[in-house]
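J.: Got a predicted model here, sequence first, then my questions.
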Amino acid sequence: MTYRLATQSDKDAVLSVYESVKGDAMCTWSEVYPTETEFDIDVGSESLYMFFYRSELIGVASIVAQNELDDLSYWHCHSASEIARIAVAPKHRGHGYAKQMMLLLESIIKQNGKAAVHLLVWDGNKPACKTYKSLGYSFYGTVNLYGGVYTACEKIL
């Protein structure tokens, strides 16, 4: 697996991955999230990563340095970045790519001097929950955000 930062020229490819998971039984995203707005913000802050297998785009994810999750009371470590907008294209699921993506993202976060990863996961996304547990994430309480209920997860690096 290889990866790189997304650029403006990748907009159609990234939005295609986002669209491919919307409406999926394991995804709470809708037509209003994520969109070009999130893409533009993430590319502008150099936080959107694209993951490839044999030159084919298989997934995307963003590393967010500061956001509304920072103030949640669950965190044990505040020197953290959030991994957000994680998506593996449906035709590439079931091959362990999400786990590989997470390990690469964790490495980037650690190289950037952060000591932990924060993320939210919807309990209905059983494969994601299983992946995060296998990677050593702690599952804390739930939060009501973005019109849904999510579990706050943290991993000390």
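T.: All right, it came through fine.
J.: going forward, measure contacts and count neighbours with C-alpha atoms only.
T.: Will do.
J.: end to end, how far does stretch 74-82 reach?
T.: By Cα to Cα, to the nearest Å, the extent of stretch 74-82 from end to end equals 14 Å.
J.: Report the buried residues of it.
T.: By neighbour count on 16 or more other Cα atoms under 10 Å, the buried set for stretch 74-82 is Y74, W75, A80, S81, E82.
J.: Same question for stretch 100-116.
T.: Using 16+ other Cα under 10 Å as the test for burial, stretch 100-116 gives M101, M102, L104, L105, E106, I109, K110, K114, A115, A116.
J.: List the contacts of the fifth one.
T.: The contact partners of E106, taken as Cα atoms under 8 Å, 6 or more residues apart in numbering, are V117, L157.
J.: Tell me where this structure has strands.
T.: Here the chain has its strands, by DSSP state E, at 2-5, 48-53, 56-64, 80-88, 116-121, 138-145, 148-156.
J.: I'd like to know which of those strands is closest to G23.
T.: Across these, G23 has its closest neighbour in strand 80-88 (12.8 Å, Cα to Cα).
J.: just how off-centre is that closest one within its chain?
T.: From the chain centre to the centre of strand 80-88 is a distance of 2 Å (Cα atoms, centre = their mean, to the nearest Å).
J.: Longest helix in the chain, by number of residues?
T.: Scanning the chain for the helix with the most residues, using DSSP state H, yields helix 97-111.
J.: residue farthest from the centroid of this protein?
T.: Taking Cα atoms, centre = their mean, the residue of the chain most remote from its mean C-alpha position is R54, at 21.5 Å.
J.: so how far is H76 from that one?
T.: From R54 to H76 the distance is 38 Å (Cα to Cα).
J.: And A152, by the same measure?
T.: Note on A152: its distance to H76, by Cα to Cα, is 11 Å.
J.: try E36
T.: Counting by Cα to Cα, the gap from E36 to H76 is 33 Å.
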